[in-house]
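# pasting a predicted model and its sequence here:
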Amino acid sequence: MADVLERVTKIIVDRLGVDESQVTLEASFKDDLGADSLDIVELVMELEDEFNMEISDEEAEKIVTVGDAVNYIKSQL
Amino acid sequence: MLEGKIALVTGASRGIGRAVALELARQGANVAVNYAGSEAKANEVVDMIRSLGREAFAVQADVARAEDVERMVKTVLDQFGRLDILVNNAGITRDNLLMRMKEEEWDAVINTNLKGVFLCTKAVTRPMMKQRYGRIINVASVVGVIGNPGQANYVAAKAGVIGLTKTAARELASRNITVNAIAPGFITTDMTEALSAELKEEMLKQIPLARFGEPDDVARVVAFLASDAAGYMTGQTLHVDGGMVMP
């Protein structure tokens, strides 16, 4: 399951242009990684494709940190 | 001008939508022809587009229903693999004086003419964001800018479309998706055919170019907004009305 974090990290690095070292479980997409609301929508879309799952708008709104995303994905796999 | 582009035109079986679908095809686009009820007329448009050497198919959907809209957009993506141009054209009228207007008349027009634009725009946003390319053109109306007695529902919906256009333009600009509106004036279609001779005479006096518009007059402007020539325009409302309104 460790590779969930790896795959999520790669998408975040590609999409937001941040350094891999910034992508920690505690990092907030908005406050720490500089994502705006549209970036977050796009990240969720890419995560859906990467993990072949649907993330509802309600669930997506709860995803604030990298850890939130990883935990949600793990819970659905 | 639109070589290889994929377009979806709502309400494309008749009137302005039909002219738009044909013009986009003439400019090189493959076109999904949406209709709500007029299947035979939609198929005619499809045949005409194919005879121009482009691909086309008809897709039924009531744009006021989210599940119809999602199915329609999925069908387009399945058939054509992408979606570059959305023309939100589907519209209805239920004219009545404000004091006589029934709640159903209000709701029907708002649902198709305003909510329909919201639902279709929302549904295409995802594929267009991924493509980093999109052209959304909303068909508003001059009456959405100046008002018109007997059309409180239609005018409110069309004014709403202009506001929605501006907001969608701001939200999506960073993803290379432009959103513009056109405001046709008096265009000769089934919708305006229903108006009385006196009213038409009265309208004509308000038009500096002194003629009613044809659907093709509107379609050519839509094709321009859909093209790369309009790549630096977004959030705008272009009036195609013979000079009737000069905002």
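Cool, the structure landed.
# now the helices for chain A?
All helices of chain A, identified by DSSP state H, fall at A:2-16, A:37-51, A:57-62, A:66-76.
# tabulate these in CSV, adding columns for mean neighbour count, mean pLDDT and distance to B:V218.
All C-beta atoms are positioned from the backbone trio N, CA, C, and that covers glycine. As requested, those are arranged in CSV below (neighbours: other C-beta atoms under 10 Å in any protein chain shown; pLDDT from 0 to 100; distance: least, C-beta to C-beta, whole Å):
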stretch, mean neighbour count, mean pLDDT, distance to B:V218
helix A:2-16, 15, 90, 39
helix A:37-51, 17, 91, 31
helix A:57-62, 11, 90, 35
helix A:66-76, 17, 92, 45
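# which one of those helices lies closest to B:Q236?
Closest to B:Q236 of the helices of chain A, according to C-beta to C-beta: helix A:37-51, at 21.1 Å.
# is the closest one up against chain B anywhere?
Yes - contact of helix A:37-51 with chain B (C-beta under 8 Å from any C-beta of the partner chain) involves A:L38, A:V41, A:E42, A:M45.
# state the pair within those residues that is farthest apart.
Among the residues of helix A:37-51 next to chain B, A:L38 and A:M45 lie farthest apart (C-beta to C-beta), at 10.6 Å.
# to B:E55, which of the helices of chain A lies closest?
Comparing the helices of chain A under C-beta to C-beta, the one sitting nearest is helix A:37-51, at 26.3 Å.
# got the contact list for the closest one?
A:4, A:7-8, A:11-12, A:15-16, A:29-30, A:35, A:53-55, A:60, A:63, A:69, A:73, A:76-77, B:126, B:129-130, B:171, B:174-175 (C-beta atoms under 8 Å, 6 or more residues apart in numbering or on different chains).
# so that helix versus helix A:66-76, what angle?
30 degrees (axes from the mean of the first three to the mean of the last three C-alpha atoms, to 10 degrees).
# which residues lie in contact with the spatially most central residue of chain A in this structure?
Nearest to the geometric centre of chain A sits A:A69, at 4.7 Å (C-alpha atoms, centre = their mean). The contact partners of A:A69, by C-beta under 8 Å, 6+ apart, come to A:V8, A:L43, A:L47, A:I63.
# go again using 7 Å as the cut-off
A:A69 makes contacts with A:V8, A:L47, A:I63, as judged by C-beta atoms under 7 Å, 6 or more residues apart in numbering or on different chains.
# and B:A58, bridged to which residues?
B:V33 (DSSP bridges).
# average pLDDT across the strand or helix carrying B:W106?
Element membership of B:W106 [criterion: DSSP states H and E] is helix B:103-110. The predicted model assigns helix B:103-110 a mean pLDDT of 98.
# avg pLDDT for the helix or strand following it?
Going down the chain from helix B:103-110, the next helix or strand is helix B:116-131, by DSSP H and E. On average, the pLDDT along helix B:116-131 is 96.
# how about the lowest-mean-pLDDT helix or strand in chain B: buried residues?
Least confident helix or strand of chain B, by mean pLDDT, DSSP states H and E, is helix B:190-193 with a mean of 80. For helix B:190-193, a neighbour-count test (16 or more other C-beta atoms under 10 Å in any protein chain shown) marks B:T192 as buried.
# who's in contact with stretch B:90-98?
B:10-11, B:17, B:34, B:36, B:63, B:105, B:108-109, B:112-113, B:116, B:139, B:150-154, B:191.
# quick one: end-to-end length of that stretch, please.
End-to-end distance for stretch B:90-98: 23 Å, by C-alpha to C-alpha, to the nearest Å.
# ok, now how distant is the residue lying farthest from the centre of chain B from chain A?
Taking C-alpha atoms, centre = their mean, the residue of chain B most remote from its mean C-alpha position is B:M99, at 28.7 Å. Distance of B:M99 to chain A, computed by C-beta to the nearest C-beta, to the nearest Å: 40 Å.
# that's all I had, so thanks and see you.
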